[in-house]
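quick one: sequence and predicted model below, then my questions.
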Amino acid sequence: MSELPAADEPTPVEPRPKRSAAGALFVGLGIFATKIFGLVRQAFIAKYLGATGAADAFNAATRIPNLLQNLFGEGALSASFIPVYARLRAQREDAEAGTVAGGVLATLALVVTVLVVLGIVFTPQLLPIVAGGFKGETRTMAISFVRIVFPGIGIFVIGAWCLGVLNSHRRFFVSYAAPVAWSVVMIAALVWYGPRQPIDELARTACWAFVVGAIAQVLVQIPSVVGLVRRDLRIGFHWSNEHVRTVLRNFVPVGVSRGIVQISNYVDILISSFLPAGTLSLLTYATTISYVPVSLFGIGISAAELPEMSSVLGSTDERARKLRERLNQGLRQIAYFVVPSALAMVAAGDVMADALFGHGKISHQSTIFMWGILAGSAVGLLASTSGRLYSSTFYALHDTKTPLKFACVRVALTSILGYLFAVPIPKMLGIDPTWGGAGLTISFGIAGWSEFMLLRHGMNTRIGATGIPVALSTKLWGAALVAGAVAFGLKRVVHLPRIPEAIVVLGAFGLVYLAATSAMRVPESRILVRKLRLAR
């Protein structure tokens with residue numbers, strides 16, 4: 001086992017009280033609220049825009065500038081800022097922490113402003129790179145829409161700074177529930193203008209609502225942030241400060257890593273732009289569902305653990321032991337919820353898609369295509385969520401370069417396999433090219449597992465053996481398979497309206513899985529049952 005980096009603790013300081021379990025709960029609650037409203041938002045987008053050229057242009061426009069948010073937003077900023085800021089607070093150096101927060105905010109605002117302006121100016125040159133298959137009116141709309149939403153992405157990045165501050169202070173709910181405000185603004189715009197505007201005009205209105213919603217998302221966080229840092233915050237570049245330089249220095253490899261990972265996320269936009277019209281929209285709608293467990297459990301647990309891991313003090317061996325315990329416990333929690341989520345998407349993905357999007361301008365065949373995309377997403381769901389926790393552990397150790405190297409492998413595999421699975425293989429099989437969307441998500445899952453295994457091996461050499469016991473994994477997959485079989489059989493005999501049918505089928509799946517894991521004495525099931533009893 002290799003040595004950990006020095007703990008940088010001039011004198012031992014009793015760390016502030018830890019609230020990891022409560023933190024994960026509040027992150028989960030915030031993300032749950034966000035995802036519920038996000039699903040409603042996507043349902044209205046599907047209802048009024050459907051799987052049309054305007055929908056493709058809108059979905060591409062709201063995802064293309066997302067590169068900026070991922071480079072400078074929550075992921076990269078959290079990985080570079082929170083470890084430094086949280087450690088300073090653990091050592092009770094609050095004034096120095098305020099200087100770091102102010103320096104990062106000023107630098108972030110400057111860089112993002114420049115990039116937003118450049119993005120607006122060079123949108124026509126950017127679009128062919130990430131959505132080269134768009135032609136004619138769809139391409140024209142996409143260029144116009146990207147220019148509208150770019151400032152909103154810049155605003156989201158400032159919101160990510162708020163999230164970093166709030167998470168470091170263990171104020172998780174506000175930061176992760178803030179996107180509800182964004183969804184509410186967009187839902188209101190769609191409900192009001194949806195029946196009143198043609199599709200092309202409505203798509204443009206939705207882009208403006210995107211920007212207004214971004215502003216609302218930041219504003220709901222400001223009061224909490226001000227209340228926490230108003231005494232110590234010193235806004236200025238502070239580039240001579242050692243800790244500010246550390247954040248900026250760590251930000252570069254993390255930003256590059258996030259950028260490389262984001263390339264894999266743009267592969268689906270590029271490839272699907274060459275598939276039949278509407279495929280990109282179907283992919284967007286389906287991944288909204290598949291991203292729920294990733295957000296609730298992968299992001300939720302990783303976000304709660306990052307400040308806790310970053311605050312671990314002590315000798316090298318002691319820190320390694322504490323990190324190993326936290327990591328293994330987090331992996332168990334992730335697996336308990338993500339394994340059944342993956343099986344549910346395979347067994348009842350059509351029921352999910354039909355309940356959420358099977359109305360308005362979405363046809364029954366489109367929901368079947370979404371089922372295929374969901375089933376493909378299930379391939380790498382556990383790897384993606386668990387990989388986030390491993391990456392957070394590396395970041396807590398101030399190692400931002402190792403995840404970058406493994407991200408490069410993932411991108412290479414995603415690019416090669418994504419093209420093969422989405423374009424030539426459906427053609428060779430003689431099936432509808434729209435099934436290429438499912439091929440994309442399968443290829444991403446394979447790449448995700450490759451990255452996960454590299455992350456796990458790298459971490460094991462640092463802190464000792466980590467991972468989920470084989471016995472536990474066998475129990476979880478076995479229980480999920482039984483629940484999946486029940487759900488698959490039930491949906492074939494139950495004929496109800498789409499939403500009641502989803503409640504019955506998915507409810508039965510959940511109850512069977514909980515009963516099976518309880519019967520097999522899985523500890524996480526007992527914890528869940530206890531929490532459910534307390535919640536009554």
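That came through, no problem.

centre of the chain to stretch 501-514, how far?
25 Å (Cα atoms, centre = their mean, to the nearest Å).

show me the contacts for P124.
By Cβ atoms under 8 Å, 6 or more residues apart in numbering, the contact set of P124 is I143. Any C-beta I mention is one placed from the backbone N, CA and C, and that applies to glycine too.

select the longest helix from the protein.
Of all segments of type helix in the chain, defined using DSSP state H, the longest is helix 316-357.

tell me the mean pLDDT for that helix?
Averaged across helix 316-357, the pLDDT comes to 91.

for whichever helix or strand comes after that helix, what does the pLDDT average out to?
Downstream of helix 316-357, the next assigned helix or strand under DSSP states H and E is helix 364-378. Averaging pLDDT along helix 364-378 yields 93.

elements contacting the helix or strand following helix 364-378?
Following helix 364-378 in sequence order, the next helix or strand is helix 381-396 (DSSP H and E). If you count contacts as 3 or more Cβ pairs under 8 Å, 6 or more residues apart in numbering; DSSP states H and E, helix 381-396 packs onto helix 74-90, helix 279-293, helix 300-310, helix 316-357, helix 401-422, helix 436-463.

go again with 10 Å.
When contacts are defined as 3 or more Cβ pairs under 10 Å, 6 or more residues apart in numbering; DSSP states H and E, helix 381-396 packs onto helix 74-90, helix 242-272, helix 279-293, helix 300-310, helix 316-357, helix 401-422, helix 436-463, helix 470-493.

in TSV, list those helices along with distance to G136.
Output for these, formatted as TSV (distance: least, Cβ to Cβ, whole Å):
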stretch	distance to G136
helix 74-90	35
helix 242-272	17
helix 279-293	15
helix 300-310	42
helix 316-357	26
helix 401-422	22
helix 436-463	21
helix 470-493	40
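
now those in TSV, with distance to G430 and mean neighbour count?
Shown next, in TSV, are the helices and strands packed on helix 381-396 (distance: least, Cβ to Cβ, whole Å; neighbours: other Cβ atoms under 10 Å):
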stretch	distance to G430	mean neighbour count
helix 74-90	40	24
helix 242-272	19	20
helix 279-293	18	26
helix 300-310	42	26
helix 316-357	22	22
helix 401-422	15	20
helix 436-463	13	22
helix 470-493	26	17
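
give me phi/psi at T52?
phi -110, psi 170 (degrees, to the nearest 10).

how many neighbours does it have?
T52 has 18 neighbouring residues, counting by other Cβ atoms under 10 Å.

how close does it sit to S366?
11 Å (Cβ to Cβ, to the nearest Å).

so what sits against both of the two?
Counting by Cβ atoms under 10 Å, 6 or more residues apart in numbering, the residues touching both T52 and S366 are G278, S281.

re the thing from before, chain center to the longest helix of the chain, what's the gap?
From the chain centre to the centre of helix 316-357 is a distance of 13 Å (Cα atoms, centre = their mean).

again, but for stretch 192-202
The answer for stretch 192-202 is 29 Å, by Cα atoms, centre = their mean.

swap in stretch 225-235?
28 Å.

with stretch 183-195 instead?
24 Å.

average pLDDT for that stretch, rounded please.
96.

same question for stretch 510-528.
90.

again, but for stretch 249-261
68.

repeat for stretch 448-455
95.

coming back round to it: of all the helices and strands packed on helix 381-396, which one comes closest to F26?
Minimum separation from F26 across the helices and strands packed on helix 381-396 (Cβ to Cβ) falls at helix 300-310, 7.9 Å.

please enumerate the helices of the stretch 101-250 of the chain.
Taking DSSP state H, counting those that start in this stretch, the helices of the stretch 101-250 of the chain run over residues 123-130, 136-168, 172-177, 179-193, 199-219, 222-229, 242-272.

for the ones you listed, give me TSV that also has distance to H359.
Formatted as TSV, the entries for the helices of the stretch 101-250 of the chain read as follows, by distance: least, Cβ to Cβ, whole Å:
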stretch	distance to H359
helix 123-130	30
helix 136-168	24
helix 172-177	27
helix 179-193	13
helix 199-219	16
helix 222-229	37
helix 242-272	23
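
between the ones you listed, which one is nearest to S518?
Comparing the helices of the stretch 101-250 of the chain by Cβ to Cβ, helix 172-177 comes nearest, at 28.3 Å.

got the domain ranges for the protein?
Residue ranges for the domains of the chain, per automatic domain parsing: 20-468, 469-536.

lowest-confidence stretch among the ones you listed?
Taking the mean pLDDT of those, domain 20-468 comes last: a mean of 86.

ok now that domain, how far from the chain's centre?
In terms of Cα atoms, centre = their mean, the centre of domain 20-468 is found 4 Å from the chain centre.

R498 is nearest to which of the helices of the stretch 101-250 of the chain?
Going by Cβ to Cβ, the one of these nearest R498 is helix 179-193, 19.7 Å.

only the C-alpha atoms, please, for the closest one, written as PDB.
The C-alpha trace of helix 179-193 is given here as PDB (Å, rounded to 0.1, in the frame of the first residue of the first chain):
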ATOM      1  CA  PRO A 179     -32.500  23.300  -9.400                       C
ATOM      2  CA  VAL A 180     -36.200  22.900  -8.500                       C
ATOM      3  CA  ALA A 181     -36.500  26.700  -9.000                       C
ATOM      4  CA  TRP A 182     -35.100  26.300 -12.500                       C
ATOM      5  CA  SER A 183     -37.500  23.500 -13.400                       C
ATOM      6  CA  VAL A 184     -40.500  25.400 -12.000                       C
ATOM      7  CA  VAL A 185     -39.700  28.400 -14.300                       C
ATOM      8  CA  MET A 186     -39.500  26.200 -17.300                       C
ATOM      9  CA  ILE A 187     -42.600  24.200 -16.400                       C
ATOM     10  CA  ALA A 188     -44.600  27.400 -16.000                       C
ATOM     11  CA  ALA A 189     -43.400  28.700 -19.400                       C
ATOM     12  CA  LEU A 190     -44.300  25.400 -21.100                       C
ATOM     13  CA  VAL A 191     -47.700  25.100 -19.500                       C
ATOM     14  CA  TRP A 192     -48.600  28.700 -20.400                       C
ATOM     15  CA  TYR A 193     -47.100  29.000 -23.900                       C
END
